[in-house]
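Student: Next come a sequence and a model predicted from it.
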Amino acid sequence: MILFLPLYSAGFDLDDEVQDETGWASKASGNWHSSTPSSLQETSLKPINNLVPSPYGEFDPLVGYSPVPNLELENSNTLALVQLNSNDGGLISKLSEQFSFSILDRISTNVWIIKSSETNELSRLYEDSSVRWFSYLPTGWKLHPILNSIGNYDSLTILALLSSDLDIHQIENFQKELIESGIDVVSCGFTDCVMNLVNSENNQLSKLLTDDRIIWIEPSISYVLTNAQAGEQSGVQQVLSNWNSGLNGSGETVSIVDTGLDMDHSDYASQLIAVQNGFGLDNNPADSISGHGTHVTGTLLGDGSGEADAMGIAPAATLHMYQLENNQQGVIARIGSIYDLMQDAYDNGARFQSTSWVSENAGGQYNGDSQSVDKFLWNNRDFIAIYSAGNNGSGGISTVAAPSTAKNVISVGASTDMNQASVASFSGQGPTFDGRIKPDIVAPGENICSSRAQEATSSQGADCSDAFHSDGTTPLHTSLSGASQATPVVSGAAVLTRQFLREELGISAPGSDLIRGILIHGAEDLGTKDVPNSLEGWGRINLENSLYPEYSNTQLDTWYDQSQTLDPGRMFIYAYELDSSKGLEVTLAWNDEDVSSSSLQTSPKLLNDLDLVVIAPDGSTYLGNDFANGVSTVGGSADVVNNLERIRINPTTSSSTGLWQIQVHHRGGTSQDFSIVTTGSGQEESSSDLSFIDNSLWISESTPMVNTGVLIRASWVNQANLITGNYQVSVTDLTTGELIISETRSPLSGGGIDSIQKTHTFSVTGTHELQLIIDFDDSVNELNEDNNIFNLSFIVAAEGVRLEMLNLQGNVDNLREYSLDPFNDTSIDLNFRLEHQGTETENVQFSVLSIRAVDQNNP
């Protein structure tokens, strides 16, 4: 026996019947619908944060001094910090092209570390109005505060983050240089190097700090498995007999990073592709000490060949095992970066990585490993990473351990058995130091019966099997507890979710943000209704509730979208006609860009800030993650730290039935894709939305001249998805009251653009204001009626400049011809004045030409 995915009431925690028919996943897909935004509109950017989050504290560079220590080392003249005056991160790319620098790392929404060998170009950054502050990077910024206070040392192991502009050959050359200089390099990968430094008097650390190929140095952290205890089998196997989804992981390949594997265990002999040894401390794939890797593998994909009750969650999935344990010493360590490890798994066809170990003594921290994970998931949206939250929960809050603190992973805590339905006391607690919700979800992690490695000499589990290995004495299965055991439960559920999306919905490459959102979308609030919280995150996994939600034995509708990309200052609107008496659930998730692990630990790690907003038909507004007693509240404040936001409205709590708007706002950062999942009872509402666009009114001359014909063009868009009927468009000169254009336009398709133009002559000088009104008779039923008017102000000018000659008395002289005899005269005095008779500024230029006389004696 192995696990359970709880089959409690599907659909908003009511006592509905459990689905027990075979193959319910296929039936569930009939109520899943691809969704598209009804409208794309502008929204406001959040105000910038003037504070720069250095590793040593926040400071406003225009007001106070940086808290970064002076190490009495030469500062870089190629690495620099740039802070923008705006939360529109797209500006940094334009500056990069204009001033010839590379973007290396991001400290916050509006602060970057950049690099350039063109120091003259960098010094000109202040010339651009979008730059609030610029400074060359202080060397002290690159050193973790713990290392700054460490004093003298005989031996020190560090992790150095590398400049992201280095390619693989440059990294190899750098590693060679380090070794030749006497530094013991444990390993170098795509994002970082681990080194052993000896004797502080050798100044090895100082030399590394002044090397611009390194942008950050932190203590290297050792890794620990997240087993908590052994125990007797919990007796949850009866749940499996009812769990008949028809999903088994077929067509999915997973990677597990752990101690090793009993390669001939009957539970997964047919699923194993390979044991990868290139990232561990030895080349021995055996799981010869604790048997930890074998146990979590059985939980995820054991096929029950050895014992029918011991079937894993995804028994048809295939496996790449990455072994990291030294079988002589029992040490867990990694060669290369996590980025490299994930890239190898990806290249081998895996789209999942399940990891049941954590960094030791790194609770709540966003460290170099966290950044490495986020970087890979930012670059590879279709890869899913599931990490144990750790077993230090008894230590209180913020004990969730890195790299489970990464933004884009699914962080898994452990719950107790099905009957107790609570969070295990050992399960790592959130939040992270910057206040993010972690763990994301919990799963059964107590007394899980799974595969036992025959060669394991220090297996701590309790026997839970009537079957034996080939020696006739070693049980095939053993029972263990810990967040380690909960992690493959969620990993298996993620595998089944991806299979569902591929096979039932036809999504060839589901995003990890979509899968993360779906799993959390159906999570079950344990005990007192109080999600989200630091113990269970969003609750215990309930895959059936995620894929087959119900209310009163009636399947609900689920809409999803993962195909949109949103720019800063824009928002998408989705519209649904819903019966709110059956409740509403909305989950927005996105893979955020990796943030520098050098930023202050308590500063927000969120870079691209999306906001989820739901507006009820009666105007009530709900904001993402503003919860009380496990449900959303009206009003509240926007979430500025998490890259997953939820809104939950319980059945019967809202009588506002009708058109519901679900809005996704981009409040700051760079372009961001996202996934959104909505569950309720109703249908998606198609709508029209005629709207002005940039330069909706255009004039062929920026300053037209009076009584001169110019071309006026009006343009607009239907930014929703429903074709309009006929509608009216007008352009009026508000200054004179003249109606310039008035026309009936033909229906405009969703996403379509229309325009009209006309030649017009202005007869009055001065400031004019034109007004475009789209659908001025309100014949089109629109999603937004407040974006149909566009105004344009400009000046109508008159010509021009008059030159008048003056006599000696200062009066106007009508004489236009004057004579100068070059043989007898050397100069002539002329008096004149310029009179501006128009309405527009004029530029005047005077030129004086030399006069040469022909020598009559020598023509």
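Tutor: Received it, and whenever you're ready, just let me know what you need.
Student: Report the buried residues of stretch 175-185.
Tutor: By neighbour count on 16 or more other Cβ atoms under 10 Å, the buried set for stretch 175-185 is Gln175, Leu178, Ile183, Val185. For the C-beta atoms, the positions are set from N, CA and C on the backbone; glycine is no exception.
Student: tell me the mean pLDDT over that stretch?
Tutor: If you average the pLDDT over stretch 175-185, you get 93.
Student: Export it to PDB, keeping only CA atoms.
Tutor: Taking Å, rounded to 0.1, in the frame of the first residue of the first chain, the C-alpha atoms of stretch 175-185 are listed here in PDB:
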ATOM      1  CA  GLN A 175      36.800  27.200 -13.500                       C
ATOM      2  CA  LYS A 176      40.200  26.300 -14.900                       C
ATOM      3  CA  GLU A 177      41.600  29.700 -13.800                       C
ATOM      4  CA  LEU A 178      40.200  29.200 -10.300                       C
ATOM      5  CA  ILE A 179      41.900  25.800 -10.000                       C
ATOM      6  CA  GLU A 180      45.200  27.200 -11.300                       C
ATOM      7  CA  SER A 181      45.100  29.900  -8.700                       C
ATOM      8  CA  GLY A 182      44.900  27.300  -5.900                       C
ATOM      9  CA  ILE A 183      41.200  27.400  -5.200                       C
ATOM     10  CA  ASP A 184      39.500  24.000  -4.600                       C
ATOM     11  CA  VAL A 185      36.500  24.100  -6.900                       C
END
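Student: On the three-state scheme, Thr653 is what?
Tutor: Using DSSP: H, G, I helix; E, B strand; the rest coil, the structure places Thr653 in coil.
Student: which residues of the stretch 101-250 of the chain fall in helices?
Tutor: For the stretch 101-250 of the chain, the helices defined by DSSP state H, counting those that start in this stretch cover 119-123, 145-148, 168-180, 204-209.
Student: Which strands and helices lie in contact with the second one?
Tutor: Secondary-structure packing of helix 145-148 (3 or more Cβ pairs under 8 Å, 6 or more residues apart in numbering; DSSP states H and E): strand 214-219.
Student: How far off centre is the strand it packs on?
Tutor: 24 Å (Cα atoms, centre = their mean, to the nearest Å).
Student: and the angle for it with helix 168-180?
Tutor: Interaxial angle, strand 214-219 versus helix 168-180 (axes from the mean of the first three to the mean of the last three Cα atoms, to 10 degrees): 50 degrees.
Student: What's the mean pLDDT across strand 214-219?
Tutor: Rounded mean pLDDT across strand 214-219 is 96.
Student: and if you look at stretch 416-428?
Tutor: The average pLDDT within stretch 416-428 is 83.
Student: For that stretch, measure first residue to last.
Tutor: Using Cα to Cα, to the nearest Å, the end-to-end distance of stretch 416-428 comes out at 14 Å.
Student: can you check stretch 817-828 too?
Tutor: 12 Å.
Student: Which residue lies nearest the spatial centre of the protein?
Tutor: By Cα atoms, centre = their mean, the chain has its centre lying nearest to Asp592, at 1.7 Å.
Student: now the spatially closest residue to that one that is not a sequence neighbour: how far from Ile107?
Tutor: Using Cβ to Cβ, 6 or more residues apart in numbering and skipping residues adjacent in sequence, the residue nearest Asp592 is Asn643, 4.3 Å away. With distances taken as Cβ to Cβ, to the nearest Å, Asn643 is found 17 Å from Ile107.
Student: Settle it for me: which of those two has more neighbours?
Tutor: Using other Cβ atoms under 10 Å as the criterion, Asn643 and Ile107 rank with Asn643 on top: 26 against 23.
Student: Touching, Gly280 and Leu341? I think so.
Tutor: No: if you go by Cβ atoms under 8 Å, Gly280 and Leu341 don't touch, sitting 10.1 Å apart.
Student: Break down this protein into its helices, ranges please.
Tutor: Using DSSP state H, the helices of the chain run over residues 24-28, 90-99, 119-123, 145-148, 168-180, 204-209, 292-301, 338-347, 368-379, 483-503, 512-521, 543-547.
Student: which of the residues in the third one are buried?
Tutor: Burial within helix 119-123, assessed by neighbour count using 16+ other Cβ under 10 Å, is assigned to Leu122.
Student: same check, this time on stretch 535-552
Tutor: Judged by neighbour count using 16+ other Cβ under 10 Å, the buried positions of stretch 535-552 are 535-551.
Student: Out of the residues you listed, which sit inside strands?
Tutor: Per DSSP state E, strands hold the following members of the buried residues of stretch 535-552: Glu550, Tyr551.
Student: Ser450 bridge partners, please.
Tutor: In this entry, Ser450 is beta-bridged to Thr478, by DSSP bridges.
Student: Show me the shaky parts of this structure.
Tutor: Within the chain, the stretches with pLDDT under 70 are 1-22, 226-244, 418-420, 800-802, 816, 837-840, 850-859.
Student: Map the structural domains onto the sequence of it.
Tutor: Domain ranges of the chain: 52-142, 145-221, 549-679, 690-796, per automatic domain parsing.
Student: I'd like those domains as JSON lines, with distance to Phe376 appended.
Tutor: Formatted as JSON lines, those follow (distance: least, Cβ to Cβ, whole Å):
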{"stretch": "domain 52-142", "distance to Phe376": "15"}
{"stretch": "domain 145-221", "distance to Phe376": "9"}
{"stretch": "domain 549-679", "distance to Phe376": "8"}
{"stretch": "domain 690-796", "distance to Phe376": "34"}
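Student: Point out the most buried one among those.
Tutor: domain 549-679 (a mean of 21; mean count of other Cβ atoms under 10 Å).
Student: what sits against Tyr153?
Tutor: With contact set as Cβ atoms under 8 Å, 6 or more residues apart in numbering, Tyr153 has these partners: Leu197, Asn199, Ser200.
Student: try Asp626
Tutor: By Cβ under 8 Å, 6+ apart, Asp626 lies in contact with Ser632, Thr633, Gly635, Gly636, Ser637, Ala638, Asp639.
Student: The second one touches Asn625, doesn't it?
Tutor: No: with contacts counted by Cβ under 8 Å, Thr633 stays clear of Asn625, the gap being 10.5 Å.
Student: closest to Gly90 among the contacts of Tyr153?
Tutor: Gly90 lies nearest to Leu197 out of these, by Cβ to Cβ, at 40.4 Å.
Student: Which residues does that closest one form beta bridges with?
Tutor: Leu156.
Student: I'd say it and Ser181 touch.
Tutor: No: judged on Cβ under 8 Å, Leu197 makes no contact with Ser181 at a distance of 11.2 Å.
Student: Now list whatever residues contact both of those two.
Tutor: Gln204.
Student: Tyr622 bridge partners, please.
Tutor: Beta bridges link Tyr622 to Val614, Gly635 when assigned by DSSP bridges.
Student: which residues does it contact?
Tutor: Val613, Val614, Ile615, Ala616, Ser632, Thr633, Val634, Gly636, Ile647, Ile649.
Student: measure it to Asp167 for me?
Tutor: 47 Å.
Student: and if you look at Arg381?
Tutor: For Arg381 relative to Asp167 (Cβ to Cβ), the value is 23 Å.
Student: same question, Phe572
Tutor: 37 Å.
Student: now Tyr53, nearest residue through space, not along the chain?
Tutor: Heads up, residue 53 is Pro, not Tyr. Computed as Cβ to Cβ, 6+ apart, the closest residue to Pro53 that is not its neighbour in sequence is Ser603, at 3.5 Å.
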